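1. just coords:
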């Protein structure tokens, strides 16, 4: 078991334009050959966008990009698609497949905070796909078959304990508060 504390994550983004990022693994200018990912998980980022800030159109291929909005709203768009607003509790999955271009922006009036995970695809990349799950159910695994993974959200109260049934790999990300992990 390995624990990455919030303060140990790699800082990123561009605060001057309203983008603050925190990376659990090597990302961008922060290269650590001993910390390139965890199984199929190659990025685990916490993003904060000021109103109006975001990521201009950029490409991806061969990854499943999962974004879970915690605060504010994230507007996602791309060529030939109408923009989609992802709100707190919603999950967005962008299967990049053989290649996709997209934008992510905070078009709201308050700061946005979201977690974003990139997972490599199990099979050869196919056609891109995009879906939004409104109000992701708590405690129910949400399958990501193209990545051979599942995401489960837990909201635990003070002192609450939970045992997890884990497969070959299990990554837990504490989005708010604190947690104690035992093997």
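-> Thanks, I have the structure now. Quick caveat: nothing in here was measured; it's all calculated off a predicted structure.
2. could you measure the most centrally placed residue in the chain against residue 28, distance?
-> Centroid-nearest residue in the chain: residue 116, 1.4 Å away (criterion: CA atoms, centre = their mean). With distances taken as CB to CB, to the nearest Å, residue 116 is found 13 Å from residue 28. In this view, the C-beta of every residue, glycine as well, is placed from N, C-alpha and C.
3. ok so, going back, quick one: strands adjacent to the helix or strand encompassing the residue nearest to the centre of the chain?
-> Element membership of residue 116 [criterion: DSSP states H and E] is strand 112-120. Strand pairing for strand 112-120, determined by DSSP bridges: strand 41-49 (antiparallel), strand 63-71 (antiparallel).
4. pull the residues that contact the helix or strand just after that strand.
-> On the C-terminal side of strand 112-120, the nearest following helix or strand under DSSP H and E is strand 129-133. Contact with strand 129-133 is made by 76, 78, 81, 84, 86, 90-95, 97, 100, 142, as judged by CB atoms under 8 Å, 6 or more residues apart in numbering.
5. how far does strand 129-133 sit from the chain's center?
-> Here strand 129-133 is found 13 Å from its chain centre; the criterion is CA atoms, centre = their mean, to the nearest Å.
6. what lines up beside it in the sheet?
-> strand 91-95 (antiparallel).
7. the strands paired with strand 112-120 into TSV, with extra columns for mean neighbour count and distance to residue 9?
-> Shown next, in TSV, are these (neighbours: other CB atoms under 10 Å; distance: least, CB to CB, whole Å):
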stretch	mean neighbour count	distance to residue 9
strand 41-49	21	7
strand 63-71	21	16
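8. name the residue most distant from the centre of the protein?
-> residue 159 (26.5 Å).
9. how close does that one get to residue 181?
-> 15 Å.
10. and residue 39, by the same measure?
-> Residue 39 is 17 Å from residue 181, by CB to CB.
11. which one's more surrounded, those two?
-> Set residue 39 next to residue 181 and count neighbours by other CB atoms under 10 Å: residue 39 wins out with 15 against 9.
12. where exactly do the strands run in this protein?
-> Secondary structure of the chain (DSSP state E): strands at 10-14, 19-23, 41-49, 54-60, 63-71, 74-78, 81-86, 91-95, 100-105, 112-120, 129-133, 142-144, 149-151.
13. can you lay out those as CSV showing distance to residue 2?
-> As requested, the strands of the chain are exported to CSV (distance: least, CB to CB, whole Å):
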stretch, distance to residue 2
strand 10-14, 15
strand 19-23, 15
strand 41-49, 12
strand 54-60, 27
strand 63-71, 21
strand 74-78, 29
strand 81-86, 30
strand 91-95, 25
strand 100-105, 29
strand 112-120, 17
strand 129-133, 29
strand 142-144, 22
strand 149-151, 18
